[in-house]
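1. This is a predicted model, with the sequence first.
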Amino acid sequence: MDIFLQACVNGLLMGGFYSLMGMGQNVIFGVMKIVNFCHGEMLMVGMYLTYVLSTTFSLDPYLCVPLVAIIMFFLGALIQHTLITPSLGTKSFTNLLFLTVGLGLLLSNGALVLFGSEYRTIPTSYQQTFISLGPVNIALPRLISFCVLIVITIVLFAFLKYTTTGKQIRAVSQNPVGAEVVGINTKRIYILTYGIGTALAGIAGALLTGFYTIFPTAGASFGFRALIVVVVGGLGSIPGAFFAGIFLGLLETMVALFVSPSYSDLIVFITFIVILVVRQLIILRRK
Amino acid sequence: MLKVTDLSAGYGAINILWNLNFEIGDGEIVAFLGSNGAGKTTTVRAVTGLIRPSSGSVQFNGQELARKNSRAILDAGIVQVPEGRQLFTDMTVLENLEMGAFNKPTREAFKENLKTVYKWFPKLEERANQSAGTLSGGEQQMVAVARALIGIPKLLILDEPSLGLAPNIVDDILAVATSMAKNDGISVMLVEQDITKALACADRGYVIENGKIALEGTSASLSANEHVKKAYLGI
């Protein structure tokens, strides 16, 4: 029972990251209807950025989070403005596929050139500190990360729900023609959206550095999981992504606990395929 | 106030509109009639800056708008209710109306304008917190009109307001448009396929055929015109 509870908590803590990645992916997909295949690499860039900032200025990795978020936002905005917006006009899905996959390759290989292939960590004094809640032990860095994740999620929800810009983002994602008619500057919304999506991935990367190793392909598994989260939670749905992320995290730890950690990827992807097939069958049945 | 001269426009290499000339005065309701594919919606898109005219001029209160973007045209006071409504269906009625407040002055006047719009469409006040997609077709059309009116435009363009709606709802919407034109001096450009209804409430009309103005005149003269009777009214 204790082990089960422990696994639940670990799953929840990891699921928060998948949620954050999925939500970033979904904000972008909702507005531009494109799948951002370099989302995982953006997480990796966030990790290295945190590494550089925290080693150069001897800052605590968690203090780097706001700075990483801002830098990643502008990086995303720049990529949107110079690369993605011009390709959107072509209405060709393959262009954007190659563009974002290519960007991902460029970023991970760029990291390899700059930092080499060795695994890096940012040591902190509280790395091995555990907090006991009854039978459950939680590593302090994971707990801090999760709390920050939840705050970011709430802020994102509130931003989309209550601010004028947030409403405009939703308006563009629901009806681009209607948005144009009421004078919403869709190009500006695109820039903001990609910036926000990239910043979310960067924040996830920064928060991971507290307990995760940094290496050039660290983003790949998170990128794949973000895609699963998006598909399971519903394309474009932010709450859907949140819950699907948590679900994925729980599923992974349950598999690791009851089957074997080495099967967790396998079972995660099988579940994904099963969900896809079942959903397709339900849709066909309805028609 | 709106004076369009020699307007030509199209999509890419395909030209749709050929040297259109028309004008709409203050507080006037002007109908634009024509069958499917005649170029009515393209005219709307060219006037509102959603497509760039290839030549010609669009003068509005002395301001040249033909090369301006859609945002500048909204700022000048020309707002459209697009064909098919184009609402934000997962957002509430109120949020849809908020999106209609497109610039700083209209955002500041939002609360006041909201009262005015609710007076015109009392049903929307009851439905304010319901998502737009759950409303009936008629109510959705009201939201679309209200969203355009929240910025208190000088010229309201209604593109096919009758599409897919029950006749009595169309009458309600046209009644609001007529009262606005007469009491508030808002001009209305009414693009319609339902010619009887359109001519019943418009002051004047233009008939568009193959991207050209084929006929123009007062509503009475158009209703009496043999060509209109034969081609559009089936009499």
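-> Everything's here; your move.
2. counting contacts, what elements does the longest helix belonging to chain B pack onto?
-> In terms of residue count, the longest helix belonging to chain B (DSSP state H) is helix B:167-184. The contact analysis (3 or more Cβ pairs under 8 Å, 6 or more residues apart in numbering or on different chains; DSSP states H and E) places helix B:167-184 against strand B:29-33, helix B:110-120, helix B:137-149, strand B:155-159, strand B:187-192, helix B:195-201. Quick note: C-beta positions are derived from backbone N, CA and C, even for glycine.
3. Could you see whether chain A lies near the second one?
-> No: contact between helix B:110-120 and chain A is absent, the nearest approach being 10.5 Å (criterion: Cβ under 8 Å from any Cβ of the partner chain).
4. got the buried residues for the longest helix of chain B?
-> Buried residues in helix B:167-184, counting neighbours by 16 or more other Cβ atoms under 10 Å in any protein chain shown, are found at B:169-170, B:172-174, B:176-178, B:180-181.
5. got JSON lines for these, with pLDDT too?
-> Below are the buried residues of helix B:167-184 laid out as JSON lines (pLDDT from 0 to 100):
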{"residue": "B:169", "pLDDT": "85"}
{"residue": "B:170", "pLDDT": "87"}
{"residue": "B:172", "pLDDT": "87"}
{"residue": "B:173", "pLDDT": "88"}
{"residue": "B:174", "pLDDT": "90"}
{"residue": "B:176", "pLDDT": "88"}
{"residue": "B:177", "pLDDT": "88"}
{"residue": "B:178", "pLDDT": "90"}
{"residue": "B:180", "pLDDT": "86"}
{"residue": "B:181", "pLDDT": "88"}
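6. circling back: go through the helices and strands packed on helix B:167-184 and name the closest to residue A:147.
-> helix B:110-120 (36.8 Å; Cβ to Cβ).
7. Around chain A, which positions in chain B sit nearby?
-> B:48, B:50, B:70-71, B:74-75, B:80, B:82, B:85-91, B:95, B:98-100, B:102-103, B:107, B:147.
8. which among the residues you listed end up buried?
-> The neighbour count (16+ other Cβ under 10 Å) marks B:48, B:50, B:70-71, B:74-75, B:80, B:82, B:85-91, B:95, B:98-100, B:102, B:147 as buried among the residues of chain B next to chain A.
9. Now, those that are in strands?
-> In strands, defined here by DSSP state E, the members of these are residue B:80.
10. Near chain B, which residues of the stretch 101-250 of chain A are found?
-> Near chain B, the residues belonging to the stretch 101-250 of chain A are A:164, A:167-168, A:170-171, A:174-175, A:177-185 when assessed by Cβ under 8 Å from any Cβ.
11. for the residues you listed, which one is nearest residue B:204?
-> Distance ranking of those against residue B:204, using Cβ to Cβ, places residue A:181 first at 25.3 Å.
12. so what's the closest residue to that closest one other than its chain neighbours up against?
-> Counting by Cβ to Cβ, 6 or more residues apart in numbering or on different chains, residue B:82 is the residue found nearest to residue A:181 once chain neighbours are left out, at 4.9 Å. When contacts are counted by Cβ atoms under 8 Å, 6 or more residues apart in numbering or on different chains, residue B:82 touches A:177-178, A:181, B:44, B:144, B:159.
13. check whether stretch A:84-99 contacts chain B.
-> No: with Cβ under 8 Å from any Cβ as the criterion, chain B is not reached by stretch A:84-99; the gap is at least 12.3 Å.
14. returning to what we had before: with pLDDT, neighbour count and distance to residue A:256 as extra columns, can I get the contacts of residue B:82 in CSV?
-> Formatted as CSV, those follow (pLDDT from 0 to 100; neighbours: other Cβ atoms under 10 Å in any protein chain shown; distance: Cβ to Cβ, whole Å):
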residue, pLDDT, neighbour count, distance to residue A:256
A:177, 91, 11, 47
A:178, 93, 22, 46
A:181, 91, 28, 51
B:44, 93, 23, 59
B:144, 94, 27, 52
B:159, 92, 25, 58
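15. what's the neighbour count on residue 148?
-> With no chain named, the answer covers chain A. Residue A:148: 18 surrounding residues under other Cβ atoms under 10 Å in any protein chain shown.
16. Sorry, I should have been clearer: chain B.
-> Neighbours of residue B:148 (other Cβ under 10 Å): 23.
17. Same check on the one 10 residues further on?
-> By other Cβ under 10 Å, 27 other residues sit near residue B:158.
18. quick one: it and residue B:188 touch, right?
-> Yes: counting by Cβ atoms under 8 Å, residue B:158 does reach residue B:188; the two are 6.5 Å apart.
19. can you list residues touching both of those two?
-> With contacts taken as Cβ under 8 Å, 6+ apart, residue B:158 and residue B:188 have residue B:177 as neighbours in common.
20. Settle this for me: residue B:65 is touching residue B:74, isn't it.
-> No: assessed by Cβ under 8 Å, residue B:65 is found out of contact with residue B:74, at 10.5 Å.
21. Low-confidence ranges, chain B, go.
-> Residues of chain B meeting the criterion pLDDT under 70: none.
22. scratch that, chain A is what I was asking about
-> A:90-91.
23. Could you give me the buried positions within the helix ranked longest in it?
-> Counting residues, the longest helix found in chain A (DSSP H) is helix A:2-32. For helix A:2-32, a neighbour-count test (16+ other Cβ under 10 Å) marks A:6-32 as buried.
24. Show me how far the helix or strand just after that helix is from its chain's centre.
-> Next helix or strand after helix A:2-32 toward the C-terminus (DSSP states H and E): helix A:39-56. Relative to the centre of its chain, helix A:39-56 is centred 14 Å away, using Cα atoms, centre = their mean, to the nearest Å.
25. Compute the inter-axis angle for the next helix or strand after helix A:39-56 and helix A:2-32.
-> Where DSSP H and E defines the elements, the next helix or strand beyond helix A:39-56 is helix A:65-79. In terms of direction (axes from the mean of the first three to the mean of the last three Cα atoms, to 10 degrees), helix A:65-79 departs from helix A:2-32 by 30 degrees.
26. So which other helices or strands are in contact with helix A:65-79?
-> helix A:39-56, helix A:186-208.
27. From the rest of the structure, what touches that helix?
-> Residues contacting helix A:65-79 (Cβ under 8 Å, 6+ apart): A:42, A:45-46, A:49-50, A:53, A:103, A:148, A:191-192, A:194-199, A:201-203, A:205-207.
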